[in-house]
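*Asks:* Got a sequence here, can you model it:
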Amino acid sequence: MTTSATAPPQGAEEAAPADAGPRLPRRLAGLALLLAVLAVCAVLSVAVGARGIAPAEVWRSLLTPDGGEASTIVHALRLPRTLLGAVVGIALGVAGVLMQSHTRNPIADPSLLGVAYGAACAVVFSVFLLGLSDVSSYVWFAIGGALAASVAVFAVASGGSRGPTPVTLLLAGAAMSALLSAIASAVVLLDESSLEVYRFWRIGSLSGRPEGVTAQILPFVAAGLVLALLGTRGMNALALGDDVATSLGHRVRLVRASGVAAIALLAGGAVAAAGPIGFVGLVAPHAARAVTGPDHRWLVPYAALCGASLVLAADVTGRVLRGSGEVEVGIVLAVLGGPFFVALVRRRRLIEL
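*Replies:* Residues are numbered from 1 along each chain as shown. Below is the predicted model of the structure:
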């Protein structure tokens, strides 16, 4: 007579075994394809803009900068913007994977832990109290606000005897987001200068950012990526349930704490530099999961490349939509990301995380 055991979540059994047979070559081929797509998006980001420059002139400016108009546009504007877009996309894509996995919510995105509103509050108060108006000045406050909000959410969610759970993280994040949103709204209504800075930052954009902003957020994003990669096996175990993960030797609280810290570092750095760009942390994980399945060892790098390609493609699209002007990347992603995600939902059973 056979005894029945509780079945793990559908697809979770695929997360633990080592790659075998044709799965590894297929996933490596997928990574190579995504790298090629990202390279194409990066080339287009450097070559295409509101100011038309011939491809030969772009190439010449890259190899032998001469200080002319084309060289200045390429080196001072487009290259830093491309690098920032890639870093922001990588950060948001990986943060989306972590958020959906730790909350077991297929429609969760990084802003759900209060990261975006924590950064927004810090930006508003830095302008209101200190008179800051430059991105390179208040980016540090934005990162600090995002980290503080995430720590507060984790502390509130850890109040029960079982520590933080997907449900308590969601509830604490929603409550913190509502509170911080109300505080930020109250301040910007009282101070016009705070309102102007907040409106520009809130729209989500890669343009108008100083060159050094990428270097400022890079250490935070790099630390978040390291935490995310180190926690992939723990997240695979959590997909089987907290009790199973504990029986396999994983410290559930530590895995969740490192996951929240990674989300705060990744999303906080991206939001601080470019504003709350939506849909990247929502769509990129599902696009990656369609190929890799639930194994986070592959899901994390796939989502990083998907996120970077998505941001750069949307930024290039926004530059050519208006001819001499441009549409901000946050608006492009909101317009194009919605239908894309609806189509993704109809094709995939997203409830099965």
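
*Asks:* quick one: stretch 76-92 to chain centroid distance?
*Replies:* Mean-position distance between stretch 76-92 and its chain equals 13 Å (Cα atoms, centre = their mean, to the nearest Å).

*Asks:* Now stretch 85-92: average pLDDT?
*Replies:* Stretch 85-92 comes out with an average pLDDT of 94.

*Asks:* again but with stretch 105-118, I slipped
*Replies:* Stretch 105-118 shows a mean pLDDT of 80.

*Asks:* got it, and stretch 316-331?
*Replies:* For stretch 316-331, the mean pLDDT works out to 79.

*Asks:* Check stretch 141-159 too.
*Replies:* pLDDT averaged over stretch 141-159 gives 84.

*Asks:* mind starting the numbering at 435 from now?
*Replies:* Got it, the first residue is 435 from now on, which makes the last one we talked about stretch 575-593.

*Asks:* That stretch: which residues count as buried?
*Replies:* 575-588, 590-592 (16 or more other Cβ atoms under 10 Å). All C-beta atoms are positioned from the backbone trio N, CA, C, and that covers glycine.

*Asks:* contact partners of it?
*Replies:* The contact list for stretch 575-593 (Cβ atoms under 8 Å, 6 or more residues apart in numbering) reads 547-557, 559-560, 566, 598-599, 602-603, 605-607, 609-610, 614, 651, 654, 687, 690-691, 694-695, 697-699, 701-703, 705-706.

*Asks:* Just the buried residues of those.
*Replies:* Buried members of the contacts of stretch 575-593, counted by 16+ other Cβ under 10 Å: 547-557, 559-560, 566, 598-599, 602-603, 606-607, 610, 614, 651, 654, 690-691, 694-695, 697-699, 701-703, 705-706.

*Asks:* Just the ones of those in helices?
*Replies:* 549-557, 559-560, 602-603, 606-607, 610, 614, 651, 654, 690-691, 694-695, 697-699, 701-703, 705-706 (DSSP state H).

*Asks:* how about the strands in the protein?
*Replies:* Per DSSP state E, the chain carries no strands over any range.

*Asks:* At the geometric centre of it, which residue do we find?
*Replies:* Compute the mean C-alpha point of the chain, and by Cα atoms, centre = their mean the closest residue is residue 526, 0.6 Å away.

*Asks:* Quick check: closest non-adjacent residue to that residue.
*Replies:* Spatial nearest neighbour of residue 526, excluding adjacent residues (Cβ to Cβ, 6 or more residues apart in numbering): residue 714 at 4.1 Å.

*Asks:* Next up, the contacts around that neighbour.
*Replies:* Counting by Cβ under 8 Å, 6+ apart, residue 714 makes contact with 522-523, 526-527, 530, 741, 744-745, 767, 771.

*Asks:* okay, and for the stretch 635-784 of the chain, where does confidence drop off?
*Replies:* 756-759, 778-779, 781-784 (pLDDT under 70).

*Asks:* tell me the helices in the stretch 535-684 of the chain, going along the chain?
*Replies:* For the stretch 535-684 of the chain, the helices defined by DSSP state H, counting those that start in this stretch cover 549-564, 569-591, 600-624, 626-636, 647-664, 666-672, 676-681.

*Asks:* What mean pLDDT does the longest one get?
*Replies:* The pLDDT scores in helix 600-624 average 85.

*Asks:* I'd like to know how many residues surround residue 565.
*Replies:* Other residues lying near residue 565 total 10 when counted by other Cβ atoms under 10 Å.

*Asks:* how about the nearest residue to it, chain neighbours excluded?
*Replies:* Spatially, and ignoring its direct neighbours in sequence, residue 565 is nearest to residue 627 (7.8 Å; Cβ to Cβ, 6+ apart).
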